[in-house]
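test case, fold it:
(one chain, ligands or ions: 1)
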Amino acid sequence: MSTSRQGHIAVRAFLVVLRCMTCFKTLLAAGLAAAGLLAQLPAPAGAPLRDLAARRGIHIGTAINPVALKNDAGYRETATREFNQIEPENAAKFGPIHPQQDTYNFAPVDDLAQFVENHNMVLRGHTLVWHNQNPAWLVNGKFTSAQLSEILHSHIQTVVSRYAGRIYAWDVVNEAFEDDGSLRKTIWANTPGIGLEGTAYIEQAFRWAHAADPKALLFYNDYDAEPVNPKSDAIYRMARDFKARGVPIDGIGLQMHLTTQGGPMESIDANIQRLTDLGLEVQYTELDVRLPLASGQPSAESLAAQAKIYGEVAALCLKHKLCTAIQTWGFTDKYSWIPGWYHGMGAALEFDPGFQPKPAYRAMADALMK
Ligand code: XIL
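Numbering: from 1, shown residues only. This is a model prediction of the structure:
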């Protein structure tokens with residue numbers, strides 16, 4: 001086992017123990033203090049999110065734009081101060097990391113891995129199998145199923161093994177289901193597909209990823225599957241089948257691209273419960289809460305409604321022992337993907353464009369301090 005992976009496991013074990021102990025906090029404080037452990041944990045008041053999250057035994061993460069990390073000091077300082085988990089927003093997707101059939105572009109993810117190690121964080125990988133952001137050579141290659149199978153196997157083997165011990169968890173497959181619970185038709189599934197029926201192509205991707213790094217945690221990741229609905233039902237059925245048959249799946253990523261309609265929270269709670277009852281981890285992988293920007297700026301009311309959602313979903317994760325990460329899709333409205341994808345919407349993240357914390361930040365911090 002690599003040192004960084006061992007380190008991650010040790011930190012995690014320590015945090016899980018701390019989390020189980022919250023009810024016995026007073027009793028145990030003396031013992032912990034004696035062990036010198038409390039001294040390592042900063043006081044919560046005004047503490048950065050990463051310190052608050054560490055005390056609760058979860059990771060607090062953000063997607064990262066490597067160019068901003070390099071060129072924007074405010075971005076770099078805020079990311080470093082607040083988060084203990086990062087994920088490349090685009091750099092590890094098939095197109096960016098494998099732009100030509102015989103060429104990989106590893107430098108941006110290598111740099112992020114170094115950044116993570118310099119700042120005592122962990123790195124999540126996103127994503128190996130997806131219908132979007134695939135390179136032209138792949139999409140236009142007119143490959144047969146046998147060739148696509150070989151291409152995907154080789155891609156997964158190359159990328160996952162390169163970061164073995166450095167990327168602790170991978171979104172192996174992203175967004176494979178439609179809203180009605182049917183399987184999305186993609187280049188990997190059946191147009192033309194890698195030659196496997198139903199969810200067998202997803203299973204194959206998990207098996208390849210596991211072979212490439214047996215220690216990495218492997219996630220299935222999707223959006224609009226937070227509450228109980230036809231899509232999350234389909235994901236649940238697949239996960240239950242995979243667990244029953246020993247397919248190497250460790251968790252489900254809930255993207256959490258929300259509006260101020262949010263939830264319903266009881267239904268998200270029920271979905272997390274049934275997934276974690278299977279022994280799977282749940283992580284929020286892409287949380288943001290987009291706001292209408294009719295006048296260019298979010299209203300005070302919409303910022304308050306947004307904060308309420310951030311606080312509620314954070315509390316929900318903390319309620320479930322196997323909900324192990326809260327990660328937002330970026331952290332500052334300066335670089336969010338939302339305005340480019342949802343017309344007239346924006347201001348979805350917990351820091352404003354000047355890196356000032358918004359009410360949403362306070363709501364997450366308050367949930368973590370409870
Ligand atoms: C988005 C990125 O944020 C954008 O920069 C890019 O142009 C498109 O993809 N679900 C996912 C993410 O799993 O990979 C997407 O990221 C957002 C939706």
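
the ligand contacts on this structure?
89-90, 174, 223, 255, 286, 337 (Cβ under 6 Å from any ligand atom). All C-beta spots, glycine's among them, are computed from the backbone N, C-alpha and C.

in the stretch 201-350 of the chain, which spans are helices?
Assigned helices in the stretch 201-350 of the chain, in chain order: 230-244, 265-277, 300-319, 338-341 (criterion: DSSP state H, counting those that start in this stretch).

how about JSON lines for those helices, with mean pLDDT and mean neighbour count added?
Below are the helices of the stretch 201-350 of the chain laid out as JSON lines (pLDDT from 0 to 100; neighbours: other Cβ atoms under 10 Å):
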{"stretch": "helix 230-244", "mean pLDDT": "99", "mean neighbour count": "18"}
{"stretch": "helix 265-277", "mean pLDDT": "98", "mean neighbour count": "17"}
{"stretch": "helix 300-319", "mean pLDDT": "98", "mean neighbour count": "19"}
{"stretch": "helix 338-341", "mean pLDDT": "98", "mean neighbour count": "13"}
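
so which of these is nearest residue 215?
helix 230-244 (18.4 Å; Cβ to Cβ).

now that closest one, how far from the centre of its chain.
Taking Cα atoms, centre = their mean, to the nearest Å, one finds helix 230-244 lying 19 Å from the centre of the chain it belongs to.

how about residue 358, what does it touch?
Going by Cβ atoms under 8 Å, 6 or more residues apart in numbering, residue 358 touches 303, 306-307, 347, 349-352.

can you check residue 309 too?
258, 260, 262-263, 289, 360.

strands - which of the residues of the chain next to the ligand land there?
174, 286 (DSSP state E).

convert the C-alpha atoms of stretch 95-107 to CSV, please.
The C-alpha trace of stretch 95-107 is given here as CSV (Å, rounded to 0.1, in the frame of the first residue of the first chain):
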residue,chain,number,x,y,z
GLY,A,95,-11.2,14.5,-23.8
PRO,A,96,-8.8,16.7,-21.7
ILE,A,97,-6.7,13.8,-20.4
HIS,A,98,-6.6,11.7,-23.6
PRO,A,99,-6.8,14.2,-26.5
GLN,A,100,-5.3,12.0,-29.2
GLN,A,101,-5.5,8.2,-29.4
ASP,A,102,-1.8,7.8,-28.6
THR,A,103,-1.4,11.0,-26.5
TYR,A,104,-2.3,11.6,-22.8
ASN,A,105,-2.2,15.0,-21.2
PHE,A,106,-1.4,14.3,-17.6
ALA,A,107,0.3,17.5,-16.6
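
now it: buried residues?
95-98, 106 (16 or more other Cβ atoms under 10 Å).

relative to the whole chain's centre, how far out is that stretch?
22 Å.

next one: stretch 300-313
Worked out by Cα atoms, centre = their mean, stretch 300-313 lies 21 Å from the chain centre.

again, but for stretch 262-276
The answer for stretch 262-276 is 17 Å, by Cα atoms, centre = their mean.

quick one: residues in contact with it.
Contacts of stretch 262-276 (Cβ under 8 Å, 6+ apart): 225-229, 232, 236, 239, 252, 254, 282, 289, 308-309, 312-313, 316-317, 319-323.

with stretch 331-347 instead?
Contacts for stretch 331-347 (Cβ under 8 Å, 6+ apart): 62, 65, 68, 72, 75, 78-79, 82-83, 89, 288, 290-294, 297-298, 302-303, 306, 329-330, 348-355, 358.
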